[in-house]
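**Student:** Sequence and computational prediction follow.
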Amino acid sequence: MKALVLPASGAPGFAAEVSRLAGTDVQACYACGKCSAGCPVSASMDYQPHQIIRLVQLDQKDEVLSASAFWLCASCVTCSVRCPREVKLAQVMDALREISRRSGVAAGQPRIAAFYGSFLDLVRSGGRLHELGMTAMYKLRSRDLFGDIDLGVKLMLRGKLKLIPGRIKGRHHVAGIFRRVREHEAGEGGKR
Amino acid sequence: MSAVAIADLSRDLARLEESVRARASELLESQQVRMVIGHKRAWNGPLAVAHFAVSPKEARKFAAGPHCTGGLAKYLLEEREKDGVVAVIARGCDALGVRRLLIDRRVDAEKVLVLGVPCAGCLDPAKLAEALGVTPAELVEVTLAAGALRVRLAGQEQAAAGPPLDKVLPPTCMACEVRMPVEVAEMLGGDLAALTALAGRPPAIDLETAEAEVTRLEELSADDRYAYWAGHFQRCLRCFACRNACPACNCRVCALDSYDPKWLGHPTEIPEQFMFHFIRAVDVAGRCVACGECERACPVGLPLMQLNRKFSKDIRTLFGVDRPHLPGEHEPLGKFEPDDPEEFM
Amino acid sequence: MSVAKTKPEADGANAAAEWQPKIVAFCCNWCSYAGADLAGTSRLQYPPTVRIVRVPCSGRVNPRFLIRALQRGADGVLVAGCHPGDCHYSTGNYFARRRFLLARRFIEYLGLEPDRLWVKWISGSEGNKFADVVREMSAAVAKLGPNRKVREAR
Amino acid sequence: MRVYSYYPGCSLEGTAKEYDYSLRALAPLLGMQLVEIHDWSCCGSSAAHATSHRLALALAARNLNLAADMPGGARDILVPCAMCYNRLKVTSAELAADSGLRSAVESDLGDKWRGAAITAKALPEVLLGDIGVDAVAQAVVQPLEGLRVASYYGCLLVRPPEYTGFDDPESPKSMDELVRATGATPVDWPHKVECCGGGLSITNRELVAGLVADILGAARDAGADVIVTACPMCQANLDTRQGLAGKTRGTDFGLPVLYITQLLGLACGLSAASLSFQSHLVSVAPLLEKVRQLGRARQAAGGEGC
Amino acid sequence: MPRIGVFVCWCGSNIAATVDIGQVTEAAAEMPHVVCVEDNKYTCSEPGQASIRQAIAQHGLDRVVVAACSPRMHENTFRKTISAAGLNPYLLEIANIREQCSWVHADRVAATAKAIDLVRMAVAKVAQHSALTSSTSPVTRRAMVIGGGIAGIQAALDIADAGHEVVVVERSPTLGGHMAQLDKTFPTLDCSACILTPKMVEVVQHPKITLYAYSEVEKVDGYVGSFKVTVRRKARSVDESKCTGCGACWEKCPVKVKSEFDLGLGTRKAIYVPFPQAVPAKATIDREHCIYYLRGRCRICERFCEAKAIVFDQQDEIINVEVGAIVVATGFQQFDQAAYGEYGYGEYPDVITGLEFERLVNASGPTEGKIKRPSDGKVPETVVFIKCVGSRDEHKGVPYCSRTCCMYTAKHAILTREKIHGSKVFIFYMDVRTPGKGYEEFYRRASEEDGARYLRGRVSRVYPKGGKMVVLGEDTLLGRKVIVEADLVVLASGMIAQPDAQEMARKLGVSYDQHGFLTEAHPKLRPVETNTAGIFLAGACQGPKDIPDTVAQACAAASKAAALLNREALEAEAMIACVDEARCSGCLWCEPVCPYKAISAKTISERVGRRTLTRSVAEVNPSLCHGCGACTVACRDSALNLLGFTNQQILAEVEAVCP
């Protein structure tokens, strides 16, 4: 594994930015590993959750954003609830996804990123999530065309997939919310 | 305030006055108390004066109404060395004044009987005169009758209708939160629907509005603020009326009178005036009951409440103690929190 | 409103260049006075502006002393005590903190410059900090110039 | 009749429609009237909060505002979906605590924040806290005695406790109490709050199958006949991934996964059709058969007793 | 008029090189009331001191200013000097022209000007000095020790051996405390009972010690040298003077109750001694469970008691004890593990605490020393220990380290490996902290010789699966999840303050920290004293501690207490607050700011005209006042003043700054 060259390999202010966005102090972590021990998906992660926090503490922005671990986070919040230092890890993972998305770095888990993208596109246009539409869009984006086809058929037969997307009257308001948030984020990105 | 409410109010005040007289007579008659302190109509002006009844006959002179302005709690100090119980007809501010003296152990709880009266506010003669376009000296008689303030001016035979009461209240009354007195032995007046409803309403102006002048001064430049206060302090006569009226200024030997140590020097020097008002304001900080007596008593009209309010505002923002003078709150300068702010330390 | 005049030599144009502020420092015996002593034994240099009044505890300092010092010609007042939690008498500095938080805001409200009052926690081992505080405060007060506002013309 | 604003959420229009149907059928039996929030939109769950804090807050705030604008005044919102519930709770709390965030969200919304007086409540919270377990028990006409039920709470119903707060985050009891009210036996099992990986169900099938297998295995080991849940994502995941999970462990779990409303509906005498059992992937038929047998046995026993 | 002498010291060149001594003496001679000015090369030297004594005689000086080094250096020296010349030692003031002048300034002109200011301030202040004397108060030569654990036992024995009477108050029916529950002790693996029980016996046999077991302190009045303590002796329902501890009663008693001493792992009877070696070996009836108290009949114990010691209608007894010093040794309690839902303590019987493990391995415990798991009595093969449960966890527990867990867990590992052949031990830890003599070696022994596997990481979850307990942890050194299927899980519980520690602190008038531990007067230099004179701390009531530290602290507290009791009388501080009763309004605003509770109200009578009136004023107890002066600022009417630092003196100094 590559050596860390400190402080050169760090991005100054990264830890502070993550702490601010996540609303929790990553420097409080004393690396006990309780988060990783209880994480349902840590076995599939390239870095354990406490290692992600450690990298953040050391401002290792590039290495963190290239990791897939935070994309795999299932947002179950077990880590936050059990952390003896009250570090809100789930919010840190949210923050890392947000920073990753905004910075345009290729996601360590492109499928998950594609899934989120599809989800949000449908909410933006219709105001609500249309599950069938999302699945279709996700499959195109992720090129995961044949996974779950059998399952989809079963769901369809049980009437669980709504064929016609519902659209709400306030969808323009919702689209406006998307636009304003994105504008704000773009403005912040410019400042950084 | 609607006209109907005022009509009811004047009837309630009449009833209250009668109730005060009756209860005072009763207490004196039965010798349960030695003296009752309240207000009576003055012979030479619109505002009531303090009245010290020691017999049922004298109790018939007690008055109630917006002309009963001066604070009464402080008179208890004069009586503290005598035997027997003294009753005080107490508006909210008087009751808080008595509470102050009790907390400061300056009067003996067993020798005081606090008779609470609901209060609609006490008029500010300067405001009333201004509203009528006259000088305060021209006001001869003010009553609240038949639905409105009625004022008789010097040289007039008949009283004429004046402005509504709530337009001529001093700021302390407008911000008053104790128009129903707290910590009293009993309430007088019985069922006074209009007065009780009025007294039960939230204050006409909230804390922030009451502190608007403090905020304005805070926003001036340091030199302008200095000029403002030096200008006022220059007019100060050192008569100590502010101290004498204040229920929180109740020391046996006042620091302002002390020769050894000599805290205060010659009155003509502006720096000494700063020292005087610094000592007065610091010593009542956190203990002020917001009755406004200091300002009312000042013969040259110094804005002394702006000094007191500055402390209450800072105590609130720094230590989170909103109303140190009300029951249930801590005295902010007799305690501390380990995590008090350290803004310049 | 006029401002009380100070002594002529302090006002003179020549003296202005040489003028140095005079600071009265109330130092608690156990921490800050010891810190000032340590600055001495360590031979740390700081401006000769400060006159230390030894008190047992910062909780002993009456805010009235502050006004008296300014009246009698001090340009600044420093109150120095043990760090919160370290008071030799457990709690004296906590009371001092409340008193001087209010006092500083109040003198500011009266139109004085708040920077004429400093309150600092200096422990017995902080000789450096004592010297630093005197240096910084001397500079800050020098910037304000002589105290004229509540100073007596004598 | 207690009136609630009702926020179904997107899932209840699709994969979780049986949750919606069964809740609407059950509500009047338990003295609840549900008034759907007009023109509600996505709550900002998963994709939004996972990638944009402000977007998630603004989307949730829009719905809380709509709830505040409901004719009939500001009422508590009943939020059956655990994810939506969680988002609305977190949003209320964050906006209450941080005025800076509040004004940021107001600018994103292009609207004032009016939702401060609105409280989102989860289904078990409403049933236990407002309706009361006794009232639930009284509505039971077909007691499910003999049925062993594993209550599965998952993540977002009980975490983080500083926002959810109505139940213990490590050892919750609320759904178990409801199960007990139906006459069934709640089983004590260790995986009540283990994550099933629902959010990754579509993208990371194998990973999720392992988590689902652990949970189903623990429920089976505890002797459960059925799992109940109050989360559409959990239900969908435990139901649709059960086949794959079984394959990874070389077994067929055969554990139906019901919404708590379906179990309550069954006990309160609602028909299988109105509870949409047909839309489950893991067949509910054996379970319904067992319920029938238990009922018959009880009647027989009761008859002897008389 | 004061007659002041000023003595300016050169301190060799230390002062003289920077300060122009000549100018200083010239200026001093002009200062008010100064009648004599001298300078010396070294004022602190014998010739320097002699010149002061001489000048006092020659010039009739009544006050002295020495301008020299810091008063922290030589104030006491010069107080003795002027005292020898017949002056009151407090009529002295030091102008610090070395540390605070010559050593910190290079400019000779400025330094000289400053030195003159400093002398002027000292002269102004000393003119206001008055002679001070300190008051004395007698000492009651008896100590009380509150708490009968190892700390209290040690302190009591040491004070008694020093020749003073000691009263020990213990609230449970027996001495021993937590140490009596332990099996072996680290790092030597001594048997706890073997080293503790002889000391317990020694306490009751010591002629100077009175033991009140099953008793509690109700109230503490008075002050150092003269405390008045009210003790409640709770009714045992047994006459202690008659009970022989034969055991007939508890053998026959039909009621079984979970034993507190065995932490619920074993049982006792409703009439009982907590454990066989209990001291005093007197039975106690647990009225909450005794059938006679619940239903009005039974009395089997009474029937079988040959000594006729059972007294069913015994009442609590209140006794008053006067003592000169108090040692507080009230100990700790275990952190309540129920806060950790994820570990399932209380839910799963095979998740136990470290202290419960002690009872399981203890030969006199409920399993007679065989490690059997509570659920099914099986001997566990795989045992997992989890450290820092409650400790170092702000979220669910306390932020501090409990100091003992690393070592007792190592001990548990060694004992497990010794007692269960072939057993496997895994220890989840965050850090291993072993600062103590032989501690690191002991830990290495557990890890290397006894084969305990240490895994660095906190456990997230413990749950049952097929008769095992699944422990879900992380090896943070590998960055991999670890799953251990264990037979028994032992949680290393942190130590927290007694639930009623704050109440005890308030009774005693001592301070406590945010966690409820009693606070020492100074963390380094006065570790066993409290801010209340005459009250000392021993053991874990002051903070988590192991046995060696507890005993050391108890010895220290005992020596402090004994030194106090050795004195005939106590001399109080001379520079203390005093009340001008003529000014005092009696408002008592000074009372809450006094950290020593030295101020109280007193009623005085005075003649006013022809009447005698009584009023209340503040009174300072000179034995309690430490002279901080906080009260003087709370006193608006300046009735309170601090001798040696009076308002007048400080004002004089301030005014002297700018002449």
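**Tutor:** Great, that's in hand.

**Student:** Right, and chain E sits closest to which residue of the stretch 101-250 of chain B?
**Tutor:** Closest contact between the stretch 101-250 of chain B and chain E, by CB to the nearest CB, is at residue B:104 (4.2 Å). (C-beta placed from N, C-alpha, C; glycine too.)

**Student:** Over to chain A?
**Tutor:** For chain A, CB to the nearest CB, closest residue to chain E: residue A:38, 2.8 Å.

**Student:** State the number of residues packed around that residue.
**Tutor:** 26 (other CB atoms under 10 Å in any protein chain shown).

**Student:** Ok, residue E:630 next?
**Tutor:** Residue E:630, neighbours per other CB under 10 Å, totals 30.

**Student:** circling back: measure the nearest residue to the residue of chain A closest to chain E once chain neighbours are set aside to residue E:466 for me?
**Tutor:** Excluding the flanking residues, the one nearest residue A:38 by CB to CB, 6 or more residues apart in numbering or on different chains is residue E:460, at 2.8 Å. Using CB to CB, to the nearest Å, residue E:460 is found at 20 Å from residue E:466.

**Student:** which one of the two has more residues nearby?
**Tutor:** Set side by side, residue E:460 and residue E:466 show more neighbours around residue E:460, with 25 against 7, by other CB under 10 Å.

**Student:** correct me, but that one touches residue A:34?
**Tutor:** Yes: here residue E:460 reaches residue A:34: they are 5.1 Å apart, a contact under CB atoms under 8 Å.

**Student:** which residues do these two both contact?
**Tutor:** Both residue E:460 and residue A:34 are contacted by A:82, E:474, under the criterion CB atoms under 8 Å, 6 or more residues apart in numbering or on different chains.

**Student:** For residue B:50, grab phi and psi.
**Tutor:** With angles defined as degrees, to the nearest 10, residue B:50 sits at phi -70, psi 150.

**Student:** and it, what does it touch?
**Tutor:** Residue B:50 sits in contact with B:37-40, B:70, B:72, B:75, where contact means CB under 8 Å, 6+ apart.

**Student:** Residue B:128 and chain D: what is the separation?
**Tutor:** Distance, residue B:128 to chain D, using CB to the nearest CB, to the nearest Å: 42 Å.

**Student:** Is that residue in a helix, a strand, or coil?
**Tutor:** Under DSSP: H, G, I helix; E, B strand; the rest coil, the three-state class of residue B:128 is helix.

**Student:** any idea how far the nearest residue to it once chain neighbours are set aside lies from residue C:79?
**Tutor:** In space, and not counting its chain neighbours, residue B:128 is closest to residue B:168: 4.4 Å by CB to CB, 6+ apart. For residue B:168, the distance to residue C:79 (CB to CB) stands at 46 Å.

**Student:** For the helix or strand hosting residue E:481, enumerate its sheet partners and note whether each is parallel or antiparallel.
**Tutor:** Using DSSP states H and E, residue E:481 maps to strand E:480-486. Strand pairing for strand E:480-486, determined by DSSP bridges: strand E:468-475 (antiparallel).

**Student:** So what's the residue count around residue A:146?
**Tutor:** With other CB under 10 Å as criterion, residue A:146 counts 8.

**Student:** So which bits of the helix or strand encompassing residue B:78 are buried?
**Tutor:** Element membership for residue B:78, per DSSP H and E: helix B:76-79. Neighbour-count burial for helix B:76-79, counted by 16 or more other CB atoms under 10 Å in any protein chain shown, picks out B:76, B:79.

**Student:** do that helix and chain E meet?
**Tutor:** No: counting by CB under 8 Å from any CB of the partner chain, chain E has no neighbours in helix B:76-79; the shortest distance is 10.1 Å.

**Student:** List the contacts of residue E:25.
**Tutor:** Counting by CB under 8 Å, 6+ apart, residue E:25 has contacts E:6, E:8, E:37-39.

**Student:** Please read the previous query as pertaining to residue E:233.
**Tutor:** So residue E:233 contacts E:212, E:214-215, E:316-319 (CB under 8 Å, 6+ apart).

**Student:** what's the closest of those to residue E:272?
**Tutor:** Set against residue E:272, the nearest of these by CB to CB is residue E:214 (12.0 Å).

**Student:** Next one: that closest one relative to chain C, how far apart?
**Tutor:** In terms of CB to the nearest CB, residue E:214 sits 34 Å off from chain C.

**Student:** Quick check on that residue: phi, psi?
**Tutor:** phi 50, psi 40.

**Student:** Is it in contact with residue E:168, as I believe?
**Tutor:** No: assessed by CB under 8 Å, residue E:214 is found out of contact with residue E:168, at 12.0 Å.

**Student:** who has more neighbours, the two?
**Tutor:** residue E:168 (29 against 21).

**Student:** Give the other helices and strands that the helix or strand where the more buried one lies contacts.
**Tutor:** Per DSSP H and E: residue E:168 is located in strand E:165-169. Secondary-structure packing of strand E:165-169 (3 or more CB pairs under 8 Å, 6 or more residues apart in numbering or on different chains; DSSP states H and E): strand E:142-146, helix E:150-161, strand E:209-212, strand E:215-223.

**Student:** which residues touch the residue of chain A closest to chain E?
**Tutor:** If you count contacts by CB under 8 Å, 6+ apart, residue A:38 has them with A:78-79, A:82, E:342, E:460-461, E:472.

**Student:** Pull the number of nearby residues for the nearest residue to residue D:196 once chain neighbours are set aside.
**Tutor:** In this structure, residue D:196 finds its nearest non-sequential neighbour in residue D:237, 4.9 Å apart by CB to CB, 6+ apart. When neighbours are defined as other CB under 10 Å, residue D:237 has 28 of them.

**Student:** now the one 4 residues further on
**Tutor:** The local packing of residue D:241 (other CB under 10 Å) involves 25 other residues.

**Student:** ok, so what distance separates the residue of the stretch 101-250 of chain B closest to chain E from chain C?
**Tutor:** Where chain C is concerned, residue B:104 sits at a distance of 18 Å (CB to the nearest CB).
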